[in-house]
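In: Just to be clear, the model below is a prediction. Sequence and coordinates:
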Amino acid sequence: MRRALLAIVVTAAGLVLLLSFKPHQITGAGTPPAAVAQAPAGRSGTSGDTAASGGQTYTGDAADTRWGPVQVRITVADKKITRIEVLQAPDTNHRDIEINERALPVLRQETLSAQSARIDTVSGATYTSEGYVASLQSAIDQAGL
Amino acid sequence: MTAGAAPATRHVEHVMGTVFSFDVRGTDDPEGVGRAVAWLHHVDAVFSTYRDDSPVSRLGRGELGLADCPAEVAEVLDLCARVERDTGGYFTARPPGAGLDPSGLVKGWAIERASGLLTAAGAPRHTVNGGGDVRLGAEAEPGRPWRVGVAAPPTAAGRPARGALATVVAGSDLAVATSGTAERGHHIVDPHTGRPATALASVTLVGPRLTTVDAYATAAFAMGEAARDWVEDMDDLEALAVTAAGETWRTSGFHRHVPPEFRGFLPAWPPR
């Protein structure tokens, strides 16, 4: 379970990073280590409740971002994240609300990663020969998954 | 090969300005792949607009008549005309300010034909992926459909981590095409305005044949939000789109192509 937890920690940290994005700040999130350090499910902030759905839920510590506190709860079943709830998110002004409405659908997509989805191939916007080198399809071709 | 492992053939071919990935299961006889690869190079030689001496380039300059071109050229131009009609002109082989350019249809058409060559060569269990547009053949093995990850595009809401997916499509004998600006960085121009289409980050279409589905995806991207109603009205076609703002929408039957464990990630339908 330790490995799974590590993956969850990384994902949860990623979620918080995304939450702390400004709309214009697409390429760099600045230095958000506070969120990284505090978001993980671990120590006192963790609760390992068994949810009615059969999964295990983990509540992260609230992380202070520059836009306010963020706290997420995830449900894990069969070593995969099956649900993400945002318990706290910045909503102190209109801009923050806008950020969240935009960001949350992407957050849910973030948990859908190629590693967990057991995919054979990838459909995406057309890549060039150069772009292929860095693509997920290239990784799949090499791995012979 | 370990005992009990099913035979498989994988091949990667750089052609037509992109990369084609073949994954053939149930046979380690690469004959079909060889034929399909030879076909793709033939298509490139005939249809490339980057080669001055290709029949399509010469046709565009008026140096050749259609009757002097290989028979496939007339076939492709007929298909282009059909897709142009189907899409209300959002797909065109004669984009504003450019000459004859059927490239938007040629790749999907060529992949569809390559898939047929594999099946005819006794290798029906395959996928052919041409630069992100995919034709699925028969199941990888009986009862095991192929699974296609749909790449999550960068949007105003953020740049997804490498490998992040918008959804997963599972199936066989199916075409999956995604149109967007994520990888190539080129703009898809709305032929009606001559300006780049900016409403969507990507749109993924699922349908029976890549011949038209790939070109339909290009047209749907140019349509923007209007693509939703257009796809809804088309038979055997479903769509999932990620908007430039990072929101998602889908058509009513798209979920049928998504494995049950991933349906929870899909946007609601009907939309709220």
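Out: The structure has been received and is ready for your questions.
In: Which strand or helix spans the closest residue to B:Leu105 other than its chain neighbours?
Out: Counting by CB to CB, 6 or more residues apart in numbering or on different chains, B:Ala215 is the residue found nearest to B:Leu105 once chain neighbours are left out, at 4.3 Å. All C-beta spots, glycine's among them, are computed from the backbone N, C-alpha and C. For B:Ala215, the element it lies in under DSSP states H and E is helix B:210-223.
In: can you check B:Asp44 too?
Out: Per DSSP H and E: helix B:31-47 holds B:Asp44.
In: If you count contacts, what does that helix end up packed against?
Out: Helix B:31-47 makes packing contacts with strand B:8-15, strand B:18-25, helix B:55-60, helix B:71-86, helix B:103-120 when contacts are defined by 3 or more CB pairs under 8 Å, 6 or more residues apart in numbering or on different chains; DSSP states H and E.
In: tell me the contacts of B:Thr178?
Out: A:Ser123, A:Gly124, A:Ala125, B:Gly132, B:Asp133, B:Val150, B:Ala151, B:Ser202, B:Val203, B:Thr204, B:Leu205, B:Ala217 (CB atoms under 8 Å, 6 or more residues apart in numbering or on different chains).
In: Secondary structure of it: a strand, I assume?
Out: Yes: checked against DSSP: H, G, I helix; E, B strand; the rest coil, B:Thr178 lies within a strand.
In: Please pick the buried ones from the contacts of B:Thr178.
Out: Buried subset of the contacts of B:Thr178 (neighbour count, 16 or more other CB atoms under 10 Å in any protein chain shown): A:Ser123, A:Gly124, A:Ala125, B:Gly132, B:Asp133, B:Val150, B:Ala151, B:Ser202, B:Val203, B:Thr204, B:Leu205, B:Ala217.
In: do you know how far the residue nearest to the fifth one when sequence neighbours are not counted is from B:Lys107?
Out: What that stands for is B:Asp133. Excluding the flanking residues, the one nearest B:Asp133 by CB to CB, 6+ apart is B:Ala177, at 4.3 Å. Distance, B:Ala177 to B:Lys107, by CB to CB, to the nearest Å: 9 Å.
In: Residues that sit against both of the two, list them.
Out: Jointly contacting B:Ala177 and B:Lys107 under the rule CB under 8 Å, 6+ apart are B:Asp133, B:Asp214.
In: coming back round to it: is it true that the residue nearest to B:Asp133 touches B:Asp214?
Out: Yes: the pair B:Ala177 / B:Asp214 is scored as a contact, 4.3 Å apart, by CB atoms under 8 Å.
In: what touches both of these two?
Out: By CB under 8 Å, 6+ apart, B:Ala177 and B:Asp214 have these common neighbours: B:Gly108, B:Asp133.
In: Give me the more crowded residue out of these two.
Out: Neighbour count, other CB atoms under 10 Å in any protein chain shown: between B:Ala177 and B:Asp214, B:Asp214 has more, with 34 against 28.
In: State the distance from that one to B:Ala156.
Out: For B:Asp214, the distance to B:Ala156 - CB to CB - is 26 Å.
In: got it, and B:Gly171?
Out: For B:Gly171 relative to B:Ala156 (CB to CB), the value is 31 Å.
In: dump the residue contacts of B:Arg135.
Out: The contact partners of B:Arg135, by CB under 8 Å, 6+ apart, come to B:Ile111, B:Glu112, B:Ala114, B:Ser115, B:Thr127, B:Val128, B:Leu174, B:Ala175, B:Leu210.
In: May I have the phi/psi pair for it?
Out: Backbone geometry at B:Arg135, expressed as degrees, to the nearest 10, gives phi -110, psi 120.
In: okay, it: pLDDT?
Out: pLDDT, B:Arg135: 98.
In: partners of it in the sheet?
Out: According to DSSP bridges, the partner residues bridging B:Arg135 are B:Val128, B:Ala175.
In: now do B:Gly171
Out: Residues in beta-bridge contact with B:Gly171 (DSSP bridges): B:Trp146.
In: That one against B:Val134, yeah?
Out: No: if you go by CB under 8 Å, B:Gly171 and B:Val134 don't touch, sitting 10.2 Å apart.
In: Need the overlap of contacts for those two.
Out: Here B:Gly171 and B:Val134 have B:Val148 as joint contacts, going by CB under 8 Å, 6+ apart.
In: Between those two, point out the one with more neighbours.
Out: The neighbour count for B:Gly171 versus B:Val134, taken as other CB under 10 Å, is higher for B:Val134 (31 against 18).
In: Lovely, talk soon.
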